[in-house]
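[1] Provide a 3D model corresponding to the input given below.
(chains A, B, C and D)
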Number of protein chains: 2
Amino acid sequence: MPDALPVHVIDDDDAVRESLAFLLESSGIPVQQHTSALAFLDAGVALDRGCVVTDVRMPGMSGVDLLKELNDRGARVSVIVMTGHGDVPLAVEAMKLGAADFLEKPFDDTAMLGAVKTCLGRTAAAEREDGLRGEVVRRLAALSQRERQVLECLVAGHANKTIAYDLGISPRTVEVYRANVMTKMQAASLPELVRMALLAGIAPGDIPVRQ
Amino acid sequence: MPDALPVHVIDDDDAVRESLAFLLESSGIPVQQHTSALAFLDAGVALDRGCVVTDVRMPGMSGVDLLKELNDRGARVSVIVMTGHGDVPLAVEAMKLGAADFLEKPFDDTAMLGAVKTCLGRTAAAEREDGLRGEVVRRLAALSQRERQVLECLVAGHANKTIAYDLGISPRTVEVYRANVMTKMQAASLPELVRMALLAGIAPGDIPVRQ
DNA sequence: TGCGGACCTTGAGTTAAATCAAGGGACGGG
DNA sequence: CCCGTCCCTTGATTTAACTCAAGGTCCGCA
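    Okay, the predicted model is just below:
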């Protein structure tokens, strides 16, 4: 399966980048090279999937800093970290920050290749669910402000007239938004709408427990 | 907050166990000691929560083996791994296997204490959701067969008359079951019921994507 | 055998929600 | 300036869902 998704290699050392690129491309994996973490971030690469291989010790932003930044941005790329000097605390910190793997230089070609393939496999696996979530988010973005408000109240379990009171409009009007929401979200029923909302992260898991 | 949940310390070295126990208990954290991974597993400790501190190099089952075994058993305890000889690949493997932290001996007391407290905090955070799920499952168990069928159809998004046709009964009757379900599940609204069902694993994430 | 209880079932009437039909304000392009 | 478009808004009517009230069956227990 020729995966068109390129692996991003980040290292300030030209020789390392080149040899790594050669290794990966020899296995049919396309590579995009970056000379620094900032250059990678500025390249406008989609951060919702894919695989990144980065050095730790780099001028400017370090590999660990990059991990933090990616986490802050809610990125879900798999990051493989490589380092020249073996340092356990550093490795542990990187893994805690969500690194997919941590390899010491000079690394075994087989190990690196395996790590990259594992990451690409994970990405492919997460693709379907992401596609669903993405589709839901896309529909969500098509809602107007009022429709969005009504949707939130709906999944919270409020009745139409309650929503109307909260928003200061006629119950009848709420009904229209409700219908619009159902149409735009392509939901055939209220439960389906709720499932979509939960998938997209709307509506907190606030299930009252009165025992 | 005196947490009655003990931290499990696993090490074949008596001196290490004792000093670690002293450190933790000095901070008001109760400790249960085990001389081997197998001894810990045989102790019948609940594996759905809590914190374990284990050595890697031990006769019989190693710390890494313990991590694998815990994963196989679907355990959700937080495991802090400590090791005598700093080894990056080992640390990375442990973290990949879900270790919460990885500390080299001799470790800093503050670091160990922080790691343990972080784990206990995570456990406490996961506690609420687990309690919720348990409560929902308990309510679910109180439903009669018909009520359960109606609930499943409901969260699937079917209308009352549709459910009535599917079950071969009067729409009116479905309404009664529906009311019973709402009462027994203590759900104030349909969306709330759907959230409960999703929490308990009912209703697949089958969101139609017709674009 | 009779009785209480749990489950399944239903009709009539009230309340909430979906359908049909449509007006007013904002905004950009012709 | 007028027109189309999008968003917000609403009334009247039909349909679905909820509340009140109640009969039938099956089973264990007194």
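[2] So is the host helix or strand of A:Thr118 next to DNA strand D?
    Mapping A:Thr118 onto the secondary structure by DSSP states H and E places it in helix A:109-141. No: counting by C-beta under 7 Å from any atom of the strand, no contacts exist between helix A:109-141 and DNA strand D, the nearest distance being 10.7 Å. Using the backbone N, CA and C atoms, a C-beta is placed for each residue, glycine as well.
[3] who in chain A is up against DNA strand C?
    Close to DNA strand C, as judged by C-beta under 7 Å from any atom of the strand, chain A has residues A:Ala159, A:Asn160, A:Lys161, A:Pro171, A:Arg172, A:Glu175, A:Val176, A:Arg178, A:Ala179, A:Leu190.
[4] Derive a ChimeraX selection command for the buried subset of those.
    Selection of the buried residues among the residues of chain A next to DNA strand C in ChimeraX, burial being defined by 16 or more other C-beta atoms under 10 Å in any protein chain shown:
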select /A:160,178,190
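[5] Tell me where chain A has helices.
    Per DSSP state H, chain A carries helices over the ranges A:14-26, A:37-42, A:63-72, A:88-96, A:109-141, A:145-155, A:160-167, A:171-184, A:190-199.
[6] Next one: the residue nearest the centre of chain A from B:Lys117, what distance?
    Taking C-alpha atoms, centre = their mean, the centroid of chain A lies closest to A:Arg76, which sits 3.2 Å from it. A:Arg76 is 29 Å from B:Lys117, where distance means C-beta to C-beta, to the nearest Å.
[7] Go through the helix or strand of chain A with the lowest mean pLDDT and flag the buried ones.
    Counting by mean pLDDT, DSSP states H and E, chain A has its least confident helix or strand at helix A:109-141, which shows a mean of 84. The neighbour-count check on helix A:109-141 (16+ other C-beta under 10 Å) flags A:112-113, A:115-120, A:123, A:132-133, A:135-136, A:139-140 as buried.
[8] can you list contacts of stretch A:153-170?
    With contacts defined as C-beta atoms under 8 Å, 6 or more residues apart in numbering or on different chains, stretch A:153-170 is touched by A:146, A:149-150, A:171, A:173-175, A:178, A:181, A:190, A:193-194, A:197-198, A:202-203, B:188-192.
[9] Need the distance between the two termini of it.
    Distance across stretch A:153-170, first residue to last, is 15 Å (C-alpha to C-alpha, to the nearest Å).
[10] Check stretch A:97-105 too.
    End-to-end distance of stretch A:97-105 (C-alpha to C-alpha): 20 Å.
[11] how much distance is there from that stretch to the middle of the chain?
    Put simply, stretch A:97-105 sits 18 Å off its chain's centre (C-alpha atoms, centre = their mean, to the nearest Å).
[12] can you check stretch A:16-36 too?
    A distance of 23 Å separates the C-alpha centroid of stretch A:16-36 from that of its chain, computed with C-alpha atoms, centre = their mean.
[13] And the average pLDDT for that stretch is what?
    Per-residue pLDDT over stretch A:16-36 has a mean of 94.
[14] what's that stretch in contact with?
    When contacts are taken as C-beta under 8 Å, 6+ apart, the neighbours of stretch A:16-36 outside the stretch itself are A:2-12, A:40, A:43, A:45, A:53, A:55, A:58-61, A:105, A:109, A:112-113, A:116, A:120.
[15] What subset of the residues you listed is buried?
    A:3, A:5-12, A:40, A:53, A:55, A:58, A:61, A:112-113, A:116, A:120.
[16] Just the ones in strands from those residues, please.
    Using DSSP state E, the subset of the buried ones among the contacts of stretch A:16-36 located in strands is A:Val7, A:His8, A:Val9, A:Ile10, A:Val53, A:Asp55.
[17] Kindly reformat those residues as a markdown table containing pLDDT and distance to A:Val92.
    A markdown table is the format used below for these (pLDDT from 0 to 100; distance: C-beta to C-beta, whole Å):
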| residue | pLDDT | distance to A:Val92 |
| --- | --- | --- |
| A:Val7 | 94 | 24 |
| A:His8 | 95 | 24 |
| A:Val9 | 96 | 24 |
| A:Ile10 | 95 | 21 |
| A:Val53 | 96 | 19 |
| A:Asp55 | 95 | 18 |
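[18] Just give me the closest of those residues to DNA strand D.
    Minimum distance to DNA strand D across those is 36.7 Å, recorded for A:His8 (C-beta to the nearest atom of the strand).
[19] residues touching the nearest residue to the closest one once chain neighbours are set aside, list them.
    The spatial neighbour of A:His8 that comes closest, neighbours along the chain excluded (C-beta to C-beta, 6 or more residues apart in numbering or on different chains), is A:Val52 at 4.6 Å. Contacts of A:Val52 were listed using C-beta under 8 Å, 6+ apart, and they are A:Val7, A:His8, A:Val9, A:Ile10, A:Phe40, A:Val77, A:Ser78, A:Val79, A:Ile80.
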